[in-house]
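Student: Sequence and predicted structure are below.
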Amino acid sequence: MKFIEGGITAARGFKAGGVNAGIKAGRTKNDLALIASDVPCAAAGLFTRNKVKAAPVQLDIETVRKGSARAIIANSGNANACAPNDMENARKMQKLAAEALGISADEVLVGSTGVIGVEINIAAIEKGLPALAASLSDEAAGSDEAAKAIMTTDTKKKEQAAEFEIGGRTVKLGGISKGSGMIHPNMGTMLCYLTTDCAIDCVTLKKVLKEVCDVTFNRISVDGDTSTNDSLIILANGMAGNEPVIENTEGYAVFKEALLAVCTDLARRMAADGEGAKHLITCTVAGCESEEKAEILSKSVIGSSLTKAAVFGCDANWGRVLCALGYSGADFDPLKVDVDFVSSAGRIGVCRQGKGLVFDEDKALEILKQDEVIIDINMNEGEAAVTCWGCDLTYDYVKINGDYRT
């Protein structure tokens, strides 16, 4: 497997595009994206567990149940959640995209992200559809425009693609995602769309997507908030011509490895681009009795506001890490815990067997100044290890969210 260029259009038979439709007044960036396959696809999706689900999520859950789809239309600037005519407008988006592509409405999935509770500007979307359809391209530029169109407070677009072989056939898989705030997924991320030319049925596709999601998107957190619009969707059109991937085969393992690599990359990009963030926090908890327990502990650390604030201040306050472990709900012996801080500037031990070490504060400061800070924890009780990702908590997070709606 190797990473390649192309994002969502890397796989054969997929086109994408994006335009500025003027959905939210005053915005000049792309705000409407379209992804389409030349042929019908196996489809699978995972969605928010928030009890309050946006209309597009409700519609997509209904649409993806049949296991096939061919296109995705998505907008930024408005979540189309808890708003007047939300379901009617979601269905209108579905219908407009279908008409532009000459396909059935039930072959189209819909995504929205942005402000909650405000009616979406469906007239702008309708007016922008001809230009959107005309923007479709199977080149990398198409993926680029679509990736930018789903961004809200993101500062960087997020896309990745991979190439690998199954049964002697070259297979490609790519994706785009968005997510910067309101990130604490229980399924996937705010919006993530994946495409592949692999031949695989919808049941197998859903299984592998869930397995990968659980160890990637479900292991990131920016602010502890789970969105109303979280959607993780994959389309597989089979145009690579490989023998269909089935469970418990080498082909399944190869496909899963590639999907894992792409989703891990996208998840890390999201955590690093948390609203106002200056540091990506990677927390690895090793030496645990079970993977489940290691995940609970690691998630507690990346979710700790005090730990996040300490990393922002480049303060090697390991006590906050130990405290976060202690209130995680997992049972462990504090007198066995070791903690190191690691980055491209080196490694420094700060805690051994639950007690503080005398360490070089200047070296610790240099380590914590780097873009990615690794909190390396050993529970010294077993063999299981888990890595989760988060970001620091900065003044800008409050600024961004203090006036997000207005």
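Tutor: Everything's here; your move.

Student: Which positions in the helix or strand where residue 97 lies come out as buried?
Tutor: Using DSSP states H and E, residue 97 sits in helix 86-101. For helix 86-101, the neighbour count (16 or more other CB atoms under 10 Å) marks 86, 89, 90, 91, 92, 93, 94, 96, 97, 98, 100, 101 as buried. Glycine gets a C-beta too; all of them are placed from N, C-alpha and C.

Student: now do stretch 165-184
Tutor: By neighbour count on 16+ other CB under 10 Å, the buried set for stretch 165-184 is 166-167, 171-184.

Student: quick one on the thing from earlier: how far does the helix holding residue 97 sit from the chain's center?
Tutor: 25 Å (CA atoms, centre = their mean, to the nearest Å).

Student: where's residue 275 relative to residue 176, distance?
Tutor: Noted for residue 275: a distance of 19 Å to residue 176, by CB to CB, to the nearest Å.

Student: the bottom helix or strand of the chain by mean pLDDT?
Tutor: helix 395-402 (a mean of 81; mean pLDDT, DSSP states H and E).

Student: still on that earlier bit, could the buried residues of helix 86-101 be laid out in JSON lines, adding distance to residue 353?
Tutor: Shown next, in JSON lines, are the buried residues of helix 86-101 (distance: CB to CB, whole Å):
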{"residue": "86", "distance to residue 353": "55"}
{"residue": "89", "distance to residue 353": "59"}
{"residue": "90", "distance to residue 353": "55"}
{"residue": "91", "distance to residue 353": "60"}
{"residue": "92", "distance to residue 353": "62"}
{"residue": "93", "distance to residue 353": "57"}
{"residue": "94", "distance to residue 353": "58"}
{"residue": "96", "distance to residue 353": "63"}
{"residue": "97", "distance to residue 353": "59"}
{"residue": "98", "distance to residue 353": "62"}
{"residue": "100", "distance to residue 353": "64"}
{"residue": "101", "distance to residue 353": "62"}
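
Student: With distance to residue 365 and pLDDT added, can I get these in CSV?
Tutor: Output for the buried residues of helix 86-101, formatted as CSV (distance: CB to CB, whole Å; pLDDT from 0 to 100):
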residue, distance to residue 365, pLDDT
86, 49, 98
89, 51, 98
90, 50, 98
91, 55, 98
92, 55, 98
93, 50, 98
94, 53, 98
96, 54, 98
97, 52, 98
98, 56, 98
100, 55, 98
101, 55, 98
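
Student: okay, among these, which ones form the most distant pair?
Tutor: 86 and 101 (23.1 Å; CB to CB).

Student: residues contacting the closest residue to residue 127 other than its chain neighbours?
Tutor: In space, and not counting its chain neighbours, residue 127 is closest to residue 21: 6.8 Å by CB to CB, 6 or more residues apart in numbering. By CB atoms under 8 Å, 6 or more residues apart in numbering, the contact set of residue 21 is 31, 32, 75, 124, 125, 127, 128, 131, 132.

Student: what helix or strand does the last one sit in?
Tutor: The reference is to residue 132. Secondary structure (DSSP H and E) places residue 132 in helix 122-134.

Student: Show me what the helix or strand just after the helix holding residue 97 is packed up against.
Tutor: Later in the chain than helix 86-101, the nearest helix or strand by DSSP H and E is strand 108-115. With contacts defined as 3 or more CB pairs under 8 Å, 6 or more residues apart in numbering; DSSP states H and E, the packing partners of strand 108-115 are helix 55-64, strand 68-78, helix 86-101, strand 191-196, strand 231-236.

Student: which residues touch the last one?
Tutor: Judged by CB under 8 Å, 6+ apart, the contacts made with strand 231-236 from elsewhere in the structure are 14, 35, 37, 41-48, 56-57, 60, 64, 69-70, 72, 109, 111, 187-200, 205, 209, 213, 217.

Student: Repeat that for the fourth one.
Tutor: For strand 191-196, the surrounding residues in contact (CB under 8 Å, 6+ apart) are 8-11, 14, 35, 37, 72, 74, 111, 113, 150, 171-179, 217, 229-237, 240, 255, 259, 262-263, 266.

Student: Spatially nearest residue to residue 310, not counting backbone neighbours?
Tutor: Going by CB to CB, 6+ apart, residue 310 has residue 317 as its nearest residue, at 4.2 Å.

Student: for the one you found, what are its contacts?
Tutor: 306, 307, 310.

Student: next one: residue 92
Tutor: In this structure, residue 92 makes contact with 122, 125, 126, judged by CB under 8 Å, 6+ apart.

Student: Buried by neighbour count, from these: which ones?
Tutor: Counted by 16+ other CB under 10 Å, these give 122, 125 as buried.

Student: Quick check: residue 74 vs residue 306, distance?
Tutor: Taken as CB to CB, the span from residue 74 to residue 306 is 36 Å.

Student: Repeat that for residue 85.
Tutor: 43 Å.

Student: want to throw the contacts of residue 317 into CSV with distance to residue 361 and secondary structure?
Tutor: Formatted as CSV, the contacts of residue 317 follow (distance: CB to CB, whole Å; DSSP: H, G, I helix; E, B strand; the rest coil):
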residue, distance to residue 361, secondary structure
306, 19, helix
307, 18, helix
310, 13, helix
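
Student: out of these, which is most surrounded?
Tutor: Within those, neighbour counts (other CB atoms under 10 Å) peak at residue 307, which reaches 26 neighbours.

Student: Could you check the pLDDT of that residue?
Tutor: For residue 307, the model assigns a pLDDT of 97.

Student: On the three-state scheme, the spatially closest residue to it that is not a sequence neighbour is what?
Tutor: Residue nearest to residue 307 in three dimensions, not counting chain neighbours: residue 320, with 4.6 Å by CB to CB, 6+ apart. At residue 320 the chain is in helix, as set by DSSP: H, G, I helix; E, B strand; the rest coil.
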